[in-house]
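Undergrad: what would the 3D arrangement of this be:
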Amino acid sequence: MNIESCPNCNSDEYTKSGVINNRQRYKCKKCNYFFTVNKIGKKIDDYYVNKSLQLYLEGLTYREIERILGVSHVSIMNWVKKYNIKRPYNSKYHSTYKILNATELGVYFSDSKNIKGAGVVVTELGDKFMLIKWERFKD
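TA: Numbering: from 1, shown residues only. The predicted structure follows:
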């Protein structure tokens, strides 16, 4: 990783000064400040964060979202906590979902029984579509 300047005085005069916790340590020649390079973690694209939170709000579990998007369920839980996401509670309905390509989606909507008596949301997932449907619990 390239170091551009000392984080303390912004000097570009520094030298290597050992290794701490498997990270290179540096010493600034001007202010004698010791510093290491910050570890940069793997950044997940904002698309997946947004899509994960949308699917969570639609009623899918963390593990279901993990299987669909390929993002760790732990990451999804952390985003829900970080952004303080609260799911609306309604015990009369439950959601089901299907992953369909464009042709299958057209066939699904051509049958009127699939769209009566329930709410439906369609969201894009790369080259496929996710159809989420709310159905009333059977009494």
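Undergrad: domains of this structure: list them as residue ranges, please.
TA: The chain breaks down into these domains under automatic domain parsing: 1-40, 42-89, 90-139.
Undergrad: Leu69: neighbouring residues, count only.
TA: Residues lying near Leu69 (other C-beta atoms under 10 Å) number 20. Heads up, the C-betas are built off the backbone N, CA and C, glycines and all.
Undergrad: and the pLDDT at it?
TA: Turning to Leu69, the model gives it a pLDDT of 88.
Undergrad: quick revisit: okay, the domains of the chain, which one's buried deepest?
TA: Mean neighbour count, computed with mean count of other C-beta atoms under 10 Å, is highest for domain 42-89 among the domains of the chain, reaching a mean of 14.
Undergrad: report the contact partners of Glu58.
TA: Glu58 sits next to Ser95, Tyr97, Val121, Ile132 when contact means C-beta atoms under 8 Å, 6 or more residues apart in numbering.
Undergrad: since that was my last question, I'll sign off now.
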